[in-house]
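K.L.:
Pasting a predicted model and its sequence here:
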Amino acid sequence: TSYAGSGANLTGLGATIMIWEYTPDPYVDEVAVDAGIGITFNQKIKAGSGNVTLRIAGAAGTVVENFGVGSSVTIANNEISFTPTSDLDQNVTYFVDIPSSSLTNMAGDSYVGTGYTFQTTYILEQMWALGKNQLGQLGQNQSESVLNGYSSPVQVPGATWKTFRRSSNGVEQAAIKTDGTLWTWGSNNYGQLGQNSIINLSSPTQVPGTWTPFNNSQNAFSGGGCNKIVKTDGTLWTWGNSFYGALGHNDNVKRSSPVQVGSDTTWSSVVGDRISTLALKTDGTLWSFGQNEYGELGINNKTDRSSPTQIPGTTWAILGRSDGTGTSNGAIKTDGTLWVWGRNEAGRLGLNNQTEYSSPKQIPGTTWANLVFSEQSMATKTDGTLWMWGTGGFGGTGQNNQTQYSSPRQVPGTTWDTENFKTSNYISMALKTDGTLWAWGLGGDGVLGQNSQTQYSSPVQVGSNTNWKQLGGSAAASLLGAHVPSST
């Protein structure tokens, strides 16, 4: 039998099912870590039974993920495709195992099964910074006499940065490398860099230990003089100034190196600011401690707490970040609903009023993805839309005006990165899914990356790069992560 064309619509030929094309191509040396996986066959196919398995190294390697045929494996004519839940690791050999009987032709003849390997690229994990640098927070290793700011991104030395977090006032920073080590720099007046000293640092310096990688919505290195993070073993650690007991050690004593909060090993993430803290456990419970003047602890009173106190509920999933003073807080539940509480000046809680609440109140909607509080608040939905509310000073809400809003207003666009965005001190920045960076609001000190001090009331692109993957830092000093293949 001979035929020409794609074979997508051929049936009943009785020919052996064969593979025509692999994606990724096993003969390509370096495959992108976010690549989807697909296979094209010589004839139309349908689901059999079983799973396609992705392993490390070979047929006996560690299982990365299983993909159910007919569910997470998409079948379209003579092609199958599936996408791993998370990006693949760099510089690793992966094995795709397609067992016999998992696929058949239209006549019901089973595929004989196969496996193939491909190699992911080695990525240079770069970190860049821009904005004010008066205390060395841009990590450029400059002396105090020449701590220049930058109005366009400048690289922080190193090529193995994994991820980083924000600090609300922009004068201390932290990042984690691919080996799990934590590095800090910038202001250290309260020992918040965790170096057992109060000396400012203008270049990254390691904090002892191995730490859980930061996530843009969770596990924050907070700022404002006190900091919190979860280790890989599920323990919670804090250090710096203990404003109102915000370190969670049942006292107001400042500490210049990390100290464990209690003995629990089920913490999963933490966010916070200089005066209040939210922490999540693996069982879905939410805990708070610190100042409670505006009800920001969410425990239905206004009493300060210097050790973790539970907020009602067991289905909490994502913590809202505070890029301001920590007096407004919020979190998202597993059902996609968004709940807020605390200070509500200028309508920053998004409840269409300016009333303070000491217990969680829901903002309408069930598809919320992430949240940031400040003078203006910022949130994303799972459909890639970006929403803002609160004070509109200097155009910080991206609405092409300076109007105050007490309920969510959409920022134009539907391709915003649902995790990488920030707002503080009337300055807003966000990434899009195409890897571009956008900024708007107050433009003093070049913090918008426009090589000027112009303010903008709607998003403007920063430079022309399309490989930005992370956004952190704060209003005054931003951090940017770029994944750059080693061949470039």
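P.N.:
That came through fine.
K.L.:
all contacts plus neighbour counts: C-alpha atoms, from now on.
P.N.:
Noted.
K.L.:
how close does the residue lying closest to Leu193 once chain neighbours are set aside get to Ser257?
P.N.:
Distance criterion Cα to Cα, 6 or more residues apart in numbering; nearest residue to Leu193, sequence neighbours excluded, is Thr184 at 5.5 Å. Using Cα to Cα, to the nearest Å, one obtains 12 Å as the distance from Thr184 to Ser257.
K.L.:
for Asn467, same thing?
P.N.:
Taken as Cα to Cα, the span from Asn467 to Ser257 is 35 Å.
K.L.:
These two - which one has more neighbours?
P.N.:
Ser257 (18 against 15; other Cα atoms under 10 Å).
K.L.:
avg pLDDT for stretch 147-156?
P.N.:
Mean pLDDT, computed over stretch 147-156, is 89.
K.L.:
Oops, could you answer that again for stretch 302-311 instead?
P.N.:
98.
K.L.:
buried set for it?
P.N.:
Within stretch 302-311, the residues scored as buried using 16 or more other Cα atoms under 10 Å are Lys302, Asp304, Arg305, Ser306, Ser307, Pro308, Thr309, Gln310, Ile311.
K.L.:
Stretch 260-278 now?
P.N.:
For stretch 260-278, by 16+ other Cα under 10 Å, it's 260-261, 265, 267-278.
K.L.:
same question, stretch 235-252
P.N.:
Neighbour-count burial for stretch 235-252, counted by 16+ other Cα under 10 Å, picks out 235-250, 252.
K.L.:
Please apply the same query to stretch 399-410.
P.N.:
Across stretch 399-410, burial judged by 16+ other Cα under 10 Å covers Gln399, Asn400, Gln402, Gln404, Tyr405, Ser406, Ser407, Pro408, Arg409, Gln410.
K.L.:
Name the nearest of these relative to Asp383.
P.N.:
Closest approach to Asp383 among these (Cα to Cα): Gln410, at 12.1 Å.
K.L.:
residues touching the closest one, list them.
P.N.:
Residues counted as contacts of Gln410 (Cα atoms under 8 Å, 6 or more residues apart in numbering) are Thr385, Leu386, Trp387, Met388, Gln399.
K.L.:
any idea of the mean pLDDT for the helix or strand containing Leu479?
P.N.:
Applying DSSP states H and E as the criterion places Leu479 in strand 477-485. Mean pLDDT, strand 477-485: 76.
K.L.:
And stretch 52-68, by the same measure?
P.N.:
For stretch 52-68, mean pLDDT rounds to 85.
K.L.:
Name the residues of it that come out as buried.
P.N.:
Neighbour-count burial for stretch 52-68, counted by 16+ other Cα under 10 Å, picks out Val52, Thr53, Leu54, Arg55, Ile56, Ala57, Gly58, Ala59, Asn66, Phe67, Gly68.
K.L.:
Dump those to a markdown table, plus secondary structure and distance to Asn292.
P.N.:
Converted to a markdown table, these look like this (DSSP: H, G, I helix; E, B strand; the rest coil; distance: Cα to Cα, whole Å):
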| residue | secondary structure | distance to Asn292 |
| --- | --- | --- |
| Val52 | strand | 51 |
| Thr53 | strand | 50 |
| Leu54 | strand | 48 |
| Arg55 | strand | 49 |
| Ile56 | strand | 48 |
| Ala57 | coil | 52 |
| Gly58 | coil | 54 |
| Ala59 | coil | 55 |
| Asn66 | strand | 46 |
| Phe67 | strand | 47 |
| Gly68 | strand | 48 |
